[in-house]
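Chemist: build the 3D model from these lines:
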Amino acid sequence: MLLHIAQQHDGIEPLFDTFFGFLRRKTDFYTGAQKSAAESMVMKSFKSHLIQAIKIKAAKEESDNFEKPMPMAESATIEEITSEGAKATAPQVIPQPKKEELSKPVDETKLEEGEESEKGKLEPNGGNGGNYGNYSFTQTLEEIEVRIPFDLNFKLKSRDVKVDIRE
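Modeler: Below is the predicted model:
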């Protein structure tokens, strides 16, 4: 509950203001006892927690400053690498996926009667889409998948690509 209250405030002062406002509205903290008694209770609690915080901080700093063994630096050496060794340490080239066969025009000799509207169109690929020189796509009623091959020597990630979809 206290953590929830602390998260709602933008700093320590508004949190204190809320806490002492609660004491003013809902208790006799200010009016029931003498002013000095209320102030001394607050200061006593503050000093108690201050001492605990200082001890914890000192213990943490002491454990952080504890001398840790420094790793010994290896001496630099020059090593000649053969062509086989160079091939082994070279970055791997990601194999490019096999290009799909481009979509072909519809074979007009196989068209049945009433399919004149299909003349001049391309045959769909296996995913009811098309394969073109720069991209291919497949589609369903709910979604479309567009594949664009890139000629790169590294793996392309989604954060490297900006997509702008327009009508």
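Chemist: can you pull the contacts of residue 102?
Modeler: Each residue near residue 102 by Cβ atoms under 8 Å, 6 or more residues apart in numbering is listed here: 131, 132, 133. In short, each C-beta sits where N, CA and C put it, glycine included.
Chemist: top of those by neighbour count?
Modeler: Counting neighbours by other Cβ atoms under 10 Å, the top entry in the contacts of residue 102 is residue 131, with 21 neighbours.
Chemist: quick one, phi psi at that residue?
Modeler: The phi and psi values for residue 131, taken as degrees, to the nearest 10, are phi -120, psi 120.
Chemist: okay, and the beta partners of it?
Modeler: When bridges are assigned using DSSP bridges, the partners listed for residue 131 are residue 136.
Chemist: my guess is it meets residue 138, correct?
Modeler: No - with contacts counted by Cβ atoms under 8 Å, residue 131 stays clear of residue 138, the gap being 9.6 Å.
Chemist: residues in contact with residue 56?
Modeler: Residue 56 sits next to no residue when contact means Cβ under 8 Å, 6+ apart.
Chemist: buried set for stretch 134-142?
Modeler: 136, 137, 138 (16 or more other Cβ atoms under 10 Å).
Chemist: same deal with stretch 16-30?
Modeler: Applying a neighbour-count criterion of 16+ other Cβ under 10 Å, one finds residue 29 buried in stretch 16-30.
Chemist: pull it out as CSV, backbone CA atoms only.
Modeler: Presented in CSV, the C-alpha positions along stretch 16-30 are these (Å, rounded to 0.1, in the frame of the first residue of the first chain):
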residue,chain,number,x,y,z
PHE,A,16,5.5,13.8,3.0
ASP,A,17,2.8,16.4,2.3
THR,A,18,0.2,13.6,1.8
PHE,A,19,1.3,11.7,4.9
PHE,A,20,1.3,14.8,7.2
GLY,A,21,-2.0,15.9,5.7
PHE,A,22,-3.5,12.5,6.6
LEU,A,23,-2.2,12.9,10.2
ARG,A,24,-3.8,16.4,10.3
ARG,A,25,-7.2,15.3,8.9
LYS,A,26,-7.7,11.9,10.4
THR,A,27,-5.8,12.0,13.7
ASP,A,28,-5.1,14.2,16.7
PHE,A,29,-1.4,14.1,16.0
TYR,A,30,-1.0,17.9,15.9
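Chemist: residues touching it, excluding its own?
Modeler: 5, 9, 38.
Chemist: re the thing from before, residues shared between the contacts of residue 131 and residue 138?
Modeler: Common neighbours of residue 131 and residue 138 are listed as residue 125 (criterion: Cβ under 8 Å, 6+ apart).
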